[in-house]
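J.: Give me a 3D structure for the following:
(chains A and B)
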2 protein chains.
Amino acid sequence: MLKKVNLKDEVNSVEGLYIYKKIGVLNGHVLSAVQVENRTLDFHVHEKSDELFFVIEGGFQLETEEGLLQVDEGEFVIVPKGTRHRPVVTKLSKFMMIELEGTLNKENSGALYEE
Amino acid sequence: MLKKVNLKDEVNSVEGLYIYKKIGVLNGHVLSAVQVENRTLDFHVHEKSDELFFVIEGGFQLETEEGLLQVDEGEFVIVPKGTRHRPVVTKLSKFMMIELEGTLNKENSGALYEE
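T.: Reported below is the predicted structural model:
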């Protein structure tokens, strides 16, 4: 059964921070919705998957060896596999993420998961 | 060089209808931006790739053997590979699409391409 997904409704339905809710699957890639506030992860690398951050609400800085890139509401950035990076989030922000299934874990996302 | 992409700015920068502008690549999948108005494609199947339609502005109906699914601004739908479908677009609408590279062609998109 085909269903549509409303990005804002999905991310707002997640009760709590750092909880990744799976909202879709595309060719083995997981689309997830997560709310984050006041968190900077350790630098890390995904060896097997590019990673997309889409800002549904708020904004954050993506830190890489190039420096800090500010990404705001309605914008996305794709981090190529093998790129050392960390997201720096201060204000409450809401994201859709896309990565190959199995890419995220507690260490590189600081998160919990919900199907 | 990492860059961010503003969805609305990108789709509004496309001059004309049915022109797919590549706005990103994620693990061999192309993200593209396109404006469509008053067009219904023939039913078709993508055998090798799921397909994501995200509505940046406007709305459309996705027709499958299940019937018509209305998808509006801020919503997406993923059509699994092998699913017979066609998009039905009446009012001017703006989309981000994601499929495996090589999935779209003139016959199944009614479109032109721009890198």
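
J.: Would you state the helices of chain A in chain order?
T.: Here chain A has its helices, by DSSP state H, at A:7-12, A:106-109.

J.: Those: lowest mean pLDDT?
T.: Among those, helix A:106-109 carries the lowest mean pLDDT, a mean of 76.

J.: What is the distance between that helix and the centre of its chain?
T.: Put simply, helix A:106-109 sits 11 Å off its chain's centre (C-alpha atoms, centre = their mean, to the nearest Å).

J.: Please enumerate residues in contact with that helix?
T.: Helix A:106-109 is contacted by residues A:18, A:20, A:41-42, A:44, A:46 when judged by C-beta atoms under 8 Å, 6 or more residues apart in numbering or on different chains. Heads up, the C-betas are built off the backbone N, CA and C, glycines and all.

J.: And for stretch A:74-85?
T.: Here stretch A:74-85 makes contact (C-beta under 8 Å, 6+ apart) with A:43-55, A:62-65, A:69, A:71, B:2-8, B:24-27.

J.: residues in contact with the residue nearest the centre of chain A?
T.: In chain A, the C-alpha nearest the mean C-alpha coordinate belongs to A:M97, at 3.6 Å (C-alpha atoms, centre = their mean). When contacts are counted by C-beta under 8 Å, 6+ apart, A:M97 touches A:20, A:30-34, A:51-54, A:104.

J.: measure it to chain B for me?
T.: 11 Å (C-beta to the nearest C-beta, to the nearest Å).

J.: and if you look at A:T40?
T.: From A:T40 to chain B the distance is 17 Å (C-beta to the nearest C-beta).

J.: What pLDDT does the model give that residue?
T.: pLDDT, A:T40: 92.

J.: Spatially, which residue comes closest to it, not counting chain neighbours?
T.: A:V88 (4.8 Å; C-beta to C-beta, 6 or more residues apart in numbering or on different chains).

J.: ok, the one you found touching A:Q61?
T.: Yes - at 4.3 Å, A:V88 counts as touching A:Q61 under the criterion of C-beta atoms under 8 Å.
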